[in-house]
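> Requesting a structural model of the entry that follows:
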Amino acid sequence: MLRYAWWTLRARRAGFVGAFLALCCAAALVTACGGLLETGLRGEIGTERYAAAPVVVAADQNVHHETRKGDKVKHKAKPVSERVWLPAGTAGAVAGVPGVGRVVPEVTFPAAVVGAEGGPESLGHAWSSAALTPFTVRDGGRAPAAGDEIVVDAGLARRAGIAVGDAVTVQATDAPAAYTVVGVAEGAVREQSAVFFAEDEARRLAGHDGRDTVLGVFPAEGVPADELAARLGEALRDTSAVVRTGGERGEVEFLDAAQARVRLVSMGGAIGGTGLLVAVLVVVGTLTLATQQRHRELALLRAIAATPRQTRRLIGREALIVGLLAGGCGAVAGQPLAALLHARLTELGTVPETVERVASPFPAVAAVLATLFAAWLAARLAARRTARIRPAEALTESAVDVRGVAWGRLLAGGLVLAGGVVLLVVLSALRTEPAATPVTYLAVLVLCVAVALLGPVLARGAFAVLGVPLRLSRVSGHLAAHHARAGARRLAAVITPLTLLVAMAAVIVFSQPTLGAAAERQARDGVVAEHAVVSDGGLGVPTVVGDRLRSVPGVTAVTEVSHTEVRTPGLDRYRTQGVTSGPGLAETLDLGVVAGSLADLDEDGVAVSELVADRHGLRPGDAFPLVLGDNTPVTPTVVAVYERRLGFGELTLDRGLVAAHVDDPLAEATLVASDGSVDAAELAAAVSEFRWLAVRDGGALADRVAEGRRADAEVAFLGMGLVLAFTTIAAVNTLAMATADRAREFALLRLIGTSRRQVLRMLRLESLTVAATAVLLGTGIALATLAAFSGGMTGRVAPAVSATGYAPLVAAVVGLTLLATAIPARVALRAAAVRVS
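Reported below is the predicted structural model:
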């Protein structure tokens, strides 16, 4: 059977080009997404600051949770959002382990030279830890000895235009202060800048009471690093410290890179899985069309005693051969696509440059296997009807288009449609983005599968309605309406990928703006302060700024705002804002409180969103255990429940509590309320010393929310845009196949007196009818999905569908339909009608 399959492929190469292209694109997509997933699982994070230390001891960056079911214990761990510091005394314990030669403690905290533009993140350290890189001071410089002296790395000195002896202002964790540069240090760092302080000054700015960020451990002479690491692991077994060597040291140094690997795993799996489902749906349509085009050939095989099983096996073997060839080509093309995708995610900041891309044959092998499975499954579904027809009916059925639709197909379509409706109901009840996003795309796919199954019925109904205006044209329009209804089964295979293209594109384009618009609206409605002081240079707003503003006559309330993430002991993660608690909070923020009062918020309290309250069964007065960003457990009391979680986060804590447990204690913005007698100029004069700060109106906080949402939308569109590109190629491919196969039909029209121009005009009108049907179906699916998504995520059925986004989408679909029809039609019409017929 495999030999016969190869012969038919060679004889009908043109008929399988469409399936080959669709499967090739699917393989490339799976390879690229597999590359992301593998990078997330195995990608090594390079180290810079700790390059010279063979062994590094750091605190565990995870929250751990155990669940017991009978005798089984299930352990889970999730990372926290801020750096966890080692307990005091850990350095002494490490120094006492046999084989330890030297222990170098390290403290790390934000520290930026004011006026240094661009460049990587700037961090402060004690000069005693310079040996971990190592850093060496250039000629003419020295180590800092006094509290007002610093050493900067060479890259930072170059960007800031400073040299030894210059006086600079450094914004660290406290008020900005003046320092004298006493040295410029050389060290192999690219992804960060270093500002070194004297030991006591660094400890003061770090603010962690003698605790260390990490410990760099150098083994005694003759002791291997791996052996020392094993000894340290045994000695620290019952503590919160972990031991890292080799490539694991980068995870300690770049926490965002470690968390980015987790995002890569989820992103690669989600995009790859969605792409594979789309591939099956699209390839089923492509192979169904290819099978219809060779109906006469297959019917002849049935008439000469080929069994249904043999027919299915022949089509299946053909699909496997095509899948193998396409999978191999797609896997090769997917490698540079994976590199481009990784590079783009790095440019967007989703993946730090320290995460090295993993390139191995495993994603390519997985892509080939997935493509073979998709081809086999698509062939089985496409051949199900042809293989079942009786030999006596075979030749008759091959001569005409069957107008009836099998009851089994109608029943399956109805069941799938019901499943899509159930998914929409489920989606309308989901209120978190990680849960709602996969269900959103799954709902689109399921509803498009229903369209594929019910395609002939939907096509005939649509063509009956849309054919009325077409018949106003006596020749071309009449022919277009007639041919559309007569070829409904053929055109249904074309409508499905176009419907999927419209629905998927609309959901991808408008889902993130729906969330962004709701979040921005809540933020604008919730900020009642007249003014906001924000940083234009990314340095943060020092606490002293709030004190200055409170002293301005007419200012009635000042609220400092910062953000972090916290977890519950059960590992749920929530976006959290820290705000200055007190009676003035109500004058600057309105979170939409529905129970309790924000006036009761203090360091022992927490305000929760309705989502959190419903999930955990909370109400004012209840204790709510939490784990702060640096893994510190707290149990605040719920003081209020509020509505506006999209604009302000799921939890609200006292800013003093948040600031003590985050890497950067500076505020992101400071809100100012007044009695109406204070203008922006007076506030600007009060903070003029801090030249990186700007006074805006109260909507500045909403602008920050909108910027963050736009960045999230770019990442989401980049990932799902690959699926969208694949769907577009498949839709154009199917259209071209359907048109190219109609050469005999065009020849017959020419022979009975229809001009070439009239045939092309007929095709244009028919294509517009097909495009209109697909746009209507796709728009209906997209609107239903977006409405359910919006209702669940925002509490309002108000999808942010804009004409500026929708009109180009419709124009693109119509243009692609006309183009993919016109080119093969013109090629088919070049041949003499007598020869073709």
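
> Now do whichever strand in the chain runs longest: distance to the chain's middle.
Secondary structure assigned by DSSP state E gives strand 555-567 as the longest strand of the chain. Here strand 555-567 shows a centroid-to-chain-centroid distance of 27 Å under the convention Cα atoms, centre = their mean, to the nearest Å.

> buried residues in it?
Buried residues in strand 555-567, counting neighbours by 16 or more other Cβ atoms under 10 Å, are found at Val555, Ala557, Val558, Thr559, Glu560, Val561, Ser562, His563, Thr564, Glu565, Val566, Arg567. For the C-beta atoms, the positions are set from N, CA and C on the backbone; glycine is no exception.

> same deal with stretch 56-75?
Buried residues in stretch 56-75, counted by 16+ other Cβ under 10 Å: Val56, Val57, Ala58, Ala59, Asp60, Gln61, Asn62, Val63, His65.

> I'd like the residues you listed laid out as JSON lines, including pLDDT.
Output for the buried residues of stretch 56-75, formatted as JSON lines (pLDDT from 0 to 100):
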{"residue": "Val56", "pLDDT": "96"}
{"residue": "Val57", "pLDDT": "96"}
{"residue": "Ala58", "pLDDT": "95"}
{"residue": "Ala59", "pLDDT": "95"}
{"residue": "Asp60", "pLDDT": "92"}
{"residue": "Gln61", "pLDDT": "92"}
{"residue": "Asn62", "pLDDT": "91"}
{"residue": "Val63", "pLDDT": "92"}
{"residue": "His65", "pLDDT": "87"}
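
> List just the nearest of those residues to Ala257.
Nearest to Ala257 among the buried residues of stretch 56-75: Gln61, at 11.9 Å, using Cβ to Cβ.

> Surely the closest one touches Asn631?
Yes - with contact defined as Cβ atoms under 8 Å, Gln61 reaches Asn631; the gap is 7.5 Å.

> shared neighbours of these two, which are they?
Common neighbours of Gln61 and Asn631, using Cβ atoms under 8 Å, 6 or more residues apart in numbering, are Val80, Val84.

> follow-up on the earlier one: looking at the buried residues of strand 555-567, which is nearest Gly676?
Out of those, the member with the shortest distance to Gly676 (by Cβ to Cβ) is Val555, at 11.0 Å.

> what's the closest non-adjacent residue to the closest one?
Nearest residue to Val555, sequence neighbours excluded (Cβ to Cβ, 6 or more residues apart in numbering): Ser674, at 5.1 Å.

> so where do the strands sit in the stretch 601-750 of the chain?
Remark: strands assigned in the stretch 601-750 of the chain by DSSP state E, counting those that start in this stretch are 605-609, 626-627, 633-634, 637-642, 651-654, 669-674, 693-697.

> Please identify the pairing partners of the fifth one and their relative orientation?
Same thing as strand 651-654. According to DSSP bridges, strand 651-654 has the following sheet partners: strand 573-579 (parallel), strand 605-609 (antiparallel).

> before we move on, what about the last one?
If you go by DSSP bridges, strand 693-697 pairs up with strand 531-535 (antiparallel).

> any weak-confidence spans in the stretch 301-450 of the chain?
Low-confidence segments of the stretch 301-450 of the chain, defined by pLDDT under 70, span residues 301-303, 305-306, 308, 382-406.

> Can you point out the buried residues in whatever helix or strand Pro456 lives in?
Assigned by DSSP states H and E, Pro456 belongs to helix 455-470. Within helix 455-470, the residues that count as buried by 16+ other Cβ under 10 Å are Gly455, Pro456, Leu458, Ala459, Arg460, Ala462, Phe463, Leu466, Gly467, Leu470.

> Averaged pLDDT, that helix. What do you get?
Across helix 455-470, pLDDT averages out at 76.
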